[in-house]
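Turn this into a model:
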Amino acid sequence: MEGAPIPRRFVLAKGPAAVVLTGLRRIPFRVLRICSEVEIVRRPVLVLLLAIVAGCESTSSDFPLLDGGEIEQHMRTLSSDEFLGRGPGHPGGDMAAEYIGAQFASWGLDAPDGSHFQAVPMVGTTTDPASASLSFGGPGGAVTPAYMDDFVLNAGDPVAEGAGGSAELIFVGYGINAPENDWNDFAGVDVAGKYIMILVNDPPAPAAEPDLFGGPAMTYYGRWTYKYEEAARQGALGAIIVHDTEPAGYPWSVVRGGWSGEQFALPPDPSGPTPAGMVGWVSLDVATEALAAANLDFEDLMAQAAGREFAAVETGVIVTASVESAVREVETMNVVGVVAGATRPDEYITVSAHYDHFGVGEAIHGDSIYNGAYDNASGTAMLLSLAHTISNMETAPDRSIVFIATAAEEQGLLGAQWYAQTPLFPLNQTVAELNVDGANLWGETDDIIVQGEERSELGLFVRPRAGELQLTIMPDAEPEKGFFFRSDHFPFAKAGVPSLYFEHGRSYLGKPEGWGNDVQAAYTANHYHAPSDEYSEDFVFDGAVQQGALVTSVLLDIARSDLWPNWHAGQEFKAARDAMMGGR
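Numbers count the residues shown, from 1 in each chain. This is a model prediction of the structure:
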């Protein structure tokens with residue numbers, strides 16, 4: 001396929017002749033020793049320079065570039081209205097899975113057990129808006145917020161067709177029980193059968209303990225998924241998270257959009273704790289008013305919750321809530337294609353990108369199709385281009401590469417979680433997991449963000465390649481948002497597999513300082529999880545090719561290596577990895 005033109009000309013010059021390299025999409029990405037006979041006049045940021053000069057010795061490794069035009073085509077297709085927002089368990093999601101499976105098949109990727117599809121069982125819950133009610137009653141009066149405008153609510157048990165009841169509200173601060181940090185927000189209080197109000201994110205780290213709960217970086221304790229899980233372990237009747245835009249990392253419109261349609265979950269684990277009866281969110285204003293009804297000040301309680309000495313507060317406020325839902329059992333699909341390893345086919349590297357989005361939901365400005373172009377048709381398009389490129393290599397990698405277009409990520413990483421629970425290939429034979437969630441659509445950068453490279457020995461593969469590409473590895477640009485815990489590599493990491501999440505950079509070539517951060521902030525405020533996340537003719541794909549060059553080179557380096565990277569000492573996932581590898 002003809003690629004999108006790369007808006008640069010690269011020149012190697014020495015002596016009377018100059019080698020002019022254009023259309024680099026057609027030229028192999030080689031690791032070369034640049035000889036002294038070759039003077040680099042201009043080194044590109046996009047790729048390692050190719051020294052096609054007599055006398056230079058090359059290593060045996062070829063690293064092909066991805067095709068920007070191919071990435072654009074797949075992204076434009078998957079994010080079109082025809083795919084109806086790729087909602088899991090709905091026709092658009094099935095169409096997307098079939099499209100991806102057809103690409104894998106056409107390129108000759110192996111189908112595990114004869115099929116490119118791994119069924120993911122789900123329970124779908126659709127709330128009846130007329131049934132959703134929530135009120136807070138105290139000595140100071142009653143607070144009755146409006147559904148969707150001020151609160152969202154659902155049954156905590158995905159198979160329950162309804163939930164409700166009245167009980168006291170207990171303010172539990174951040175709702176964390178972390179013995180390793182000597183922190184327990186539930187100490188001295190029994191929340192069984194009660195409603196609990198929970199702050200989003202982690203407690204702030206004090207000056208005396210700058211690394212407490214990751215310092216400025218969110219830990220898993222700050223994620224909403226953890227807070228609902230802990231509420232279930234504590235036996236709460238209902239768990240209500242207080243939305244606050246800055247610590248949450250997204251505005252209320254994202255919560256509203258995410259809860260406006262059918263909600264999905266994996267079937268309940270019979271061996272796990274009973275889910276909380278109800279789960280939901282309330283706006284900051286509603287939380288403030290509800291506590292004020294009992295003469296309690298929200299800001300004072302939040303300040304108290306920031307320290308270990310905090311004790312949960314029995315507010316005396318009575319919560320009355322109810323919700324009724326339509327429940328159905330449904331399947332979605334992970335889509336899997338394998339390039340079998342040439343010499344060690346029973347050692348696997350997984351590469352993932354989620355293809356789902358929110359389907360058809362609440363209309364905003366007359367548009368109800370949540371196309372998810374950047375999130376994550378772009379990442380799925382990069383996965384497809386990567387699979388196509390690797391499958392076309394003359395010599396297969398030594399290790400097998402498992403490409404997984406994961407389902408239902410937006411519903412809580414469900415497809416990746418299901419794969420980690422029921423892997424097609426044993427996790428103790430899985431060397432690493434690489435994930436892409438958002439391809440660069442705005443141009444080349446001189447930096448890159450690779451979530452998790454500092455957590456494991458996978459960083460030994462990432463850092464040299466980034467240096468050769470003249471990409472400075474930057475720390476997470478928004479550590480407080482906990483991106484490491486919010487994409488499909490995380491279930492693999494949680495299970496013990498060393499994992500990386502390749503974001504793109506923020507320092508764009510030819511743009512003023514801060515331009516990239518402004519672009520990302522505008523996307524989050526205006527388009528994230530909204531129908532306006534659509535394909536635009538303004539998108540450019542040279543940055544995606546650049547981002548893909550790092551993914552490709554790191555992937556093939558791992559595939560060629562005989563190393564088994566592990567998590568660094570002190571990482572919370574190392575124990576799981578050590579346990580699984582002890583059984584090999």
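
most residues in a single helix of this structure, which one?
helix 542-560 (DSSP state H).

Can you list the buried residues in the helix or strand just after that one?
Using DSSP states H and E, the helix or strand that follows helix 542-560 in sequence is helix 574-582. By neighbour count on 16 or more other Cβ atoms under 10 Å, the buried set for helix 574-582 is 574, 576, 577, 580. The way it works is simple: take the backbone N, C-alpha and C, and place the C-beta from them, glycine included.

my guess is the second one contacts residue 496, does it?
What that stands for is residue 576. Yes: with contact defined as Cβ atoms under 8 Å, residue 576 and residue 496 form a contacting pair (3.3 Å).

ok, the closest residue to residue 96 other than its chain neighbours - how many residues close by?
Using Cβ to Cβ, 6 or more residues apart in numbering and skipping the chain neighbours, the partner closest in space to residue 96 is residue 86 (4.4 Å). Other residues near residue 86 come to 31 when the count uses other Cβ atoms under 10 Å.

Please, where are all the helices along the stretch 301-450 of the chain?
379-391, 414-421 (DSSP state H, counting those that start in this stretch).

for those, which one sits closest to residue 403?
Distance to residue 403, taken as Cβ to Cβ, is lowest for helix 379-391 among those, at 4.4 Å.

Just want the angle from that closest one to helix 542-560.
50 degrees (axes from the mean of the first three to the mean of the last three Cα atoms, to 10 degrees).

Phi first, then psi, for the residue positioned nearest the centre of the chain.
The centroid of the chain falls nearest to residue 487 when counting by Cα atoms, centre = their mean (1.7 Å). Backbone torsions for residue 487, taken as degrees, to the nearest 10, come to phi -140, psi 180.

if I look at it, how far off is residue 375?
For residue 487, the distance to residue 375 equals 10 Å [Cβ to Cβ, to the nearest Å].

which residues do those two both contact?
Both residue 487 and residue 375 are in contact with residue 437, where contact means Cβ atoms under 8 Å, 6 or more residues apart in numbering.

okay, the angle between the longest strand belonging to the chain and helix 414-421?
Ranked by number of residues, the top strand in the chain under DSSP state E is strand 313-339. Angle between the axes of strand 313-339 and helix 414-421 is 70 degrees (criterion: the same axes, to 10 degrees).

Quick check: closest non-adjacent residue to residue 204.
The shortest distance from residue 204 to any non-neighbouring residue, by Cβ to Cβ, 6+ apart, is to residue 306 (5.5 Å).

What number of residues are in the vicinity of the one you found?
15.

what sits against it?
By Cβ under 8 Å, 6+ apart, residue 306 lies in contact with 203, 204, 206.

Local confidence estimate at it?
Listed pLDDT for residue 306 reads 97.

Please report phi then psi for it.
In terms of degrees, to the nearest 10, the main-chain angles of residue 306 are phi -80, psi 0.

I'd assumed residue 233 was in contact with residue 176.
No: if you go by Cβ under 8 Å, residue 176 and residue 233 don't touch, sitting 11.6 Å apart.

Compare those two (neighbour count), which wins?
residue 176 (23 against 14).

what residues are up against the more buried one?
183, 184, 185, 202, 203, 221, 226, 230.

give me the number of residues near the nearest residue to it once chain neighbours are set aside?
In this structure, residue 176 finds its nearest non-sequential neighbour in residue 221, 4.8 Å apart by Cβ to Cβ, 6+ apart. Counted with other Cβ under 10 Å, the neighbours of residue 221 add up to 22.
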